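Visitor: sequence and predicted model, in that order:
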Amino acid sequence: MADNQDYDLNQPISGTGLRQGLTSYGDAHFSLFLRKVFIKAAGYGEDALSRPIIGIINTGSGFNPCHANVPQLIEAVKRGIHLHGGLAIEFPTISLHESFASPTSMFLRNLMSMDTEEMIKAQPVDVCVMIGGCDKTIPAQLMGGISANKPVLPLITGPMMPGSFHGQRVGACTDCRSSWAAYRAGGLDVEDIVGINEELAPTVGTCGVMGTASTMGCVTAALGLMPLGGASAPAVSSARLRVAEQTGAMAVSVASNVERCRPQAILSRESFLNAITVLQAIGGSTNAVVHLMAIVNRHPEIAGKIDLATVDEVGRRTPLLVDLKPSGDNYMNDFHNAGGMVALLLTLRPLLHLDALTITGETLGKVLDATPFKPFPYSKELIRPLSNPVYPDSALVALYGNLAPKGAVLKAAASKDRKLLEYEGPAVVFENTADLAQRIDDENLKVTDKSVLVLKSIGAIGNPGMPEAGVIPIPRKLKGVTDMLRLSDGRMSGTAGGTIVLHISPESAIVDSPFGIVEDGDLIRLSLAERRLNVNLSDAEIAKRVQKRKALLESHGTAVHGKRIVGSRKRGYRGLYETSVNQAESGVDFDFLTANGQS
Ligand code: FES
Ligand code: MG
C-alpha cells in the first residue's frame, strides 16, 4: 500500500509511525525519503511501514540473568503486535543487574532513565513496550517513559521460582542473607552453604520474594500501566508469555489513541495514591519509596505534590495484607497462585481511587469489574482480607526530627524486635563502610545490646549510588542479639529486615547535615508512634558541631560543591552524578531531569 502522498510536496506530512520527528535537513519530505531508504535495508515493505510502530525495548544482557527470558518475551510481544496490525521494532537500551553494576545499580539508574527517555524520543515509535525487571530497571524505565511522554507499557520479566535444599524451599534473596548469617554463626557447614548456593536462584527471572523488583512490578500494575497478571506471573511460565502477547496487543490499541494514553495524561495523583496503597499492603521494599519519589517528580503536574509524608499518610490507613518474604513467609509464585494483583486490588478496593485511568483509557474500577476473582482459602492466607491483616497499618513509615529534618524511612513491618520501635539508646558511630568493616567485629568495640548503630557516608552523594549497606551487621561480640536499632543515610535491599532507619536526609555528605555530626555516645531516640527521629542535642550544639566540621573540611582542602562534600571533582558520568544528584526524599534523581528542577 504505497503512500505516494509522502513525496508530494503539496501535501503536508502528518501522522504517526515513520513520519515522526522529521526535522533533519530542513526538508521533511527528503527526511522521510531517506528514512525509508534505510528502514527498507532491514527488509520492511510499504505495507509494514504504514502500520503503527510499536517499539520494544530489549534489556537482555549476558550480565543480567533476571532478564534472561527477554528473547522469548520479545517474540511473544511481537506476536501480539502483529496479530493486531502493528509493526514491532525492537531496540536496545542499557541493562542493569543488582550484582553486576559496580559501584551500585542505583548509581546507574539515572543513566538508564536518560537512555530510555532519549531513545523513545529520538526514534519514530508511536508506542513503546519497555521490558524490564531487575530492581532499578522498572524505575529507570518509568522515569524515562514519563519524561519522554509517549505511551509506554512496562512488561516485567517476572519473578524466578523458589529452589529447594534438603526439602526446604529457598529463594533469592531473603534466604541468601539468612543462610549466610547461619553459616557465619556456625549453624551451617561449608557443604550446606555450597549446596544452598546452587538452589537460591534456580531459574531465570527476578528475585522470588517481595524485594524491590517484585514491589515495583506490583506498584506498576497499581499505576494502571500493565495487565494485572503482569506483576507476578513467573518468568519461566507460559502465563508470562501470554502477558507478553497481551501487552503487544494492548500497545496496538493504545496506538490509535496516543494523545489520551500518554503517561502524563494517564497518571494522576490518584494513580500514585493507589500505587502507595499497594506498596503499603504488600509491605514493599523501602527502595520503592525512593523510586516512587523519582517517578512522581518526573510528572510536571504531580511533582512535589506527593512526598514522604504522603507515603506515611496512606500507610496509616492501609493494612499489610500480603504474607510474603521478607515480611512474611512465602514466595512470589505463591502470590501469583493466590490471585496476585487481581486478588489484592479487589481486596483493597475500598481504599483505592477507582476512577484513576489505566493505560487503555479505562478506569481502574472498570478493569476490576471486568476481572472477577473469588478468593479461595489458600488465597486468603496469602492475601489476607482487610479484617485479618498480617500487620494492622503503616508497614512503611516516614520519620522526621532534628536528626532527619528532610525525612527518613523505616519499614516498621520488618522490625524483628518491636520494643526497638519506641527506643532510646547511645550511638556507636561508623564514619563510612571502610570504618564499619574494620571495627564492627572488633572485640574492643564499645558496644552493648542497648547501643544504636549509626553508619554515615552511604547516602546518594557520600557513597555514589547509595549502597544497600543500611543493614549494619550485629557486632559479633553481641552473640544471640537478633536485632538492634540501626541508622544510616543509605538503603537496604528490599529482601532484608530488622529495625533499620534508612534514607536519612540531609545525608552526611551535605555540609550542614545534622546526621553528619552525630558522635559516639549521643543519645538517639526513635518513636514510631510520634514518627520522630531525634538526637539528644540542642539546636545550638548541632550548629556548633556543623561549624566545626566545616572548618575541618576546609583545613583538609576537601572539595565542596554547593553544599555537597564531593572529595575532588570527577570527570565523566561520576562527575555529573555527584554534582546533580538530589536527596533521597526527592528520589535520588538528577536535578536537571526532574519536572521542576528539584535539587
Ligand atoms: Fe535482579 Fe534481585 S537481582 S531482581
Ligand atoms: Mg534488591
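Guide: Yes, it's here. Ligands and ions are numbered 1, 2, ... in the order given.

Visitor: report how many residues lie close to the spatially closest residue to residue 352 that is not a sequence neighbour.
Guide: In this structure, residue 352 finds its nearest non-sequential neighbour in residue 274, 5.2 Å apart by C-beta to C-beta, 6 or more residues apart in numbering. (Each C-beta comes from the backbone N, C-alpha and C, glycine too.) As a burial measure, the neighbour count of residue 274 was computed by other C-beta atoms under 10 Å and equals 25.

Visitor: per-residue confidence at residue 274?
Guide: Here, the pLDDT recorded for residue 274 equals 98.

Visitor: ends of stretch 151-159, how far apart?
Guide: Across its full length, stretch 151-159 reaches 25 Å between end residues, using C-alpha to C-alpha, to the nearest Å.

Visitor: near ligand 2, anything from that stretch?
Guide: No: contact between stretch 151-159 and ligand 2, assessed by C-beta under 5 Å from the ion, is absent, since the two come no nearer than 12.3 Å.

Visitor: before we move on, back to that, what helix or strand is the residue nearest to residue 352 located in?
Guide: Element membership of residue 274 [criterion: DSSP states H and E] is helix 269-281.

Visitor: and residue 564, what is it in contact with?
Guide: Contacts for residue 564 (C-beta atoms under 8 Å, 6 or more residues apart in numbering) come out as 461, 509-511, 578-579.

Visitor: typed the wrong thing, it's residue 337
Guide: residue 378.

Visitor: spatially nearest residue to the residue of the stretch 51-200 of the chain found nearest ligand 2, not counting backbone neighbours?
Guide: Using C-beta to the ion, the closest approach of the stretch 51-200 of the chain to ligand 2 is made by residue 135 at 4.5 Å. Closest residue to residue 135 apart from its sequence neighbours, by C-beta to C-beta, 6+ apart: residue 212 at 4.1 Å.

Visitor: contacts only, for the residue of the stretch 51-200 of the chain closest to ligand 2.
Guide: Taking C-beta under 8 Å, 6+ apart as the contact definition, residue 135 lies against 96, 98, 105, 206, 211-213, 216, 287, 494.

Visitor: at 10 Å instead, please
Guide: The contact partners of residue 135, by C-beta atoms under 10 Å, 6 or more residues apart in numbering, come to 66, 96-98, 101, 105-106, 109, 206-207, 211-216, 285, 287-288, 291, 468, 493-495.

Visitor: list phi and psi for residue 205.
Guide: Backbone torsions of residue 205, given as degrees, to the nearest 10, read phi 120, psi 180.

Visitor: ok, now how distant is the closest residue to it other than its chain neighbours from ligand 1?
Guide: Leaving aside its sequence neighbours, residue 205 sits nearest to residue 235 (C-beta to C-beta, 6+ apart; 2.8 Å). Separation of residue 235 from ligand 1 (C-beta to the nearest ligand atom, to the nearest Å): 10 Å.

Visitor: separation between residue 235 and ligand 2?
Guide: Computed with C-beta to the ion, to the nearest Å, the distance linking residue 235 and ligand 2 is 16 Å.

Visitor: who touches that residue in this structure?
Guide: For residue 235, the contact set (C-beta under 10 Å, 6+ apart) comprises 65-70, 72-73, 133, 156-161, 203-206, 208, 332-333.
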